[in-house]
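Chemist: what's the 3D shape of this:
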Amino acid sequence: MIQQRPFGRTGHNSTVTLFGAAAIGRVTQADADRTMELLLDYGVNHIDTAASYGDAELLLGPWLEKHRDRFFLATKTNEREYDTAKAQIQLSLERMRVDHIDLIQFHNLGHPDDWDTAMGENGALEAAKEARDQGLVKHIGVTGHGLKIAAFHNRSLQAFDFDSILLPWNIQMKQNPQYAADFDRVVGLARERGIAVQVIKSLLRGPWGTTPKNRTTWYQPLENQPDIDRAVHWILAQGDLFLNTPGDINLLPHVLDAASRFDGQGPSDEEMAAMVAEQSMTPLFA
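Modeler: Here you go, the predicted model:
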């Protein structure tokens with residue numbers, strides 16, 4: 001079974017690995033059902049999906065109709081205006097066949113124009129707060145990608161007291177001095193406020209480039225179990241971070257296996273740097 005820790009101040013103890021439901025965006029219902037059974041086998045109790053993850057919300061619906069109480073359920077809206085965000089939240093509820101969402105997140109909120117719209121008058125934030133007041137959602141978070149997102153999340157946390165943030169983190173990104181400083185700053189603020197921190201792209205080996213694509217992840221992932229172990233344990237040893245599993249159902253068993261064997265210790269930065277060199281790992285964002 002996989003360890004649990006408090007998901008920020010939400011009152012929920014989530015498994016340290018959260019299921020990234022992008023992995024089931026383009027699979028059959030049978031594959032989705034088998035994936036959900038695997039999550040239960042490992043005790044995973046937190047699902048992170050999005051309205052834009054293909055059919056993921058629809059494929060989760062039949063399962064959540066029967067097992068809603070076993071999962072903290074998070075989804076995302078990529079809409080920035082009040083009316084469209086409100087409609088998308090309602091559609092997510094219908095697609096997943098649930099009466100409430102535990103965490104609604106603004107999907108990839110890292111562009112100045114999008115930010116101004118979402119956070120301003122008649123923006124998505126007003127729709128999310130209204131849904132929270134109505135009991136349709138319990139908590140509100142913000143997510144993003146790229147090298148500027150840590151700094152952008154800091155701006156978001158200054159403007160609104162979000163309950164969670166989600167952003168990339170891996171050894172290559174720690175080797176980027178500016179991103180590492182921005183990451184430490186926003187994570188430090190999150191820890192002060194009891195805000196949950198979720199990380200993605202932690203199994204990154206590099207961009208696909210000319211490598212034949214044999215996974216549904218949009219980056220080339222680590223694939224050997226010892227390398228996956230090191231990447232997973234390095235993240236989980238950082239105290240209170242949550243690792244969102246990568247978007248490939250065939251990688252999922254390896255990640256869950258690694259997480260189930262986490263004993264509180266992780267490799268050093270020096271050991272991770274050695275793996276970067278051995279595996280010719282390269283950053284995804286430049």
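Chemist: could you list the low-confidence segments of the stretch 51-200 of the chain?
Modeler: For the stretch 51-200 of the chain, no stretch has pLDDT under 70.
Chemist: roughly how far apart are Val16 and Asp41?
Modeler: Noted for Val16: a distance of 16 Å to Asp41, by CB to CB, to the nearest Å. Heads up, the C-betas are built off the backbone N, CA and C, glycines and all.
Chemist: which one's more surrounded, those two?
Modeler: Val16 (19 against 12; other CB atoms under 10 Å).
Chemist: in the stretch 151-286 of the chain, which spans are helices?
Modeler: 171-174, 177-193, 225-236, 252-260, 269-278 (DSSP state H, counting those that start in this stretch).
Chemist: for the ones you listed, give me TSV that also has mean neighbour count.
Modeler: Formatted as TSV, those follow (neighbours: other CB atoms under 10 Å):
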stretch	mean neighbour count
helix 171-174	20
helix 177-193	16
helix 225-236	21
helix 252-260	21
helix 269-278	13
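Chemist: so for Pro207, which of those helices sits nearest?
Modeler: helix 171-174 (11.1 Å; CB to CB).
Chemist: okay, strands next: where are they in this protein?
Modeler: Using DSSP state E, the strands found in the chain span residues 4-6, 13-15, 17-20, 46-48, 72-77, 101-106, 137-143, 164-168, 196-200, 204-206, 220-221, 241-244.
Chemist: turn those strands into CSV, columns for mean neighbour count and distance to Ala181.
Modeler: Putting the strands of the chain into CSV (neighbours: other CB atoms under 10 Å; distance: least, CB to CB, whole Å) gives the following:
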stretch, mean neighbour count, distance to Ala181
strand 4-6, 14, 25
strand 13-15, 20, 27
strand 17-20, 26, 26
strand 46-48, 26, 26
strand 72-77, 26, 27
strand 101-106, 26, 24
strand 137-143, 24, 20
strand 164-168, 25, 14
strand 196-200, 24, 16
strand 204-206, 22, 20
strand 220-221, 22, 26
strand 241-244, 22, 17
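Chemist: adding distance to Leu60, write those strands out as JSON lines.
Modeler: Below are these laid out as JSON lines (distance: least, CB to CB, whole Å):
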{"stretch": "strand 4-6", "distance to Leu60": "21"}
{"stretch": "strand 13-15", "distance to Leu60": "17"}
{"stretch": "strand 17-20", "distance to Leu60": "10"}
{"stretch": "strand 46-48", "distance to Leu60": "7"}
{"stretch": "strand 72-77", "distance to Leu60": "8"}
{"stretch": "strand 101-106", "distance to Leu60": "11"}
{"stretch": "strand 137-143", "distance to Leu60": "16"}
{"stretch": "strand 164-168", "distance to Leu60": "18"}
{"stretch": "strand 196-200", "distance to Leu60": "18"}
{"stretch": "strand 204-206", "distance to Leu60": "25"}
{"stretch": "strand 220-221", "distance to Leu60": "23"}
{"stretch": "strand 241-244", "distance to Leu60": "15"}
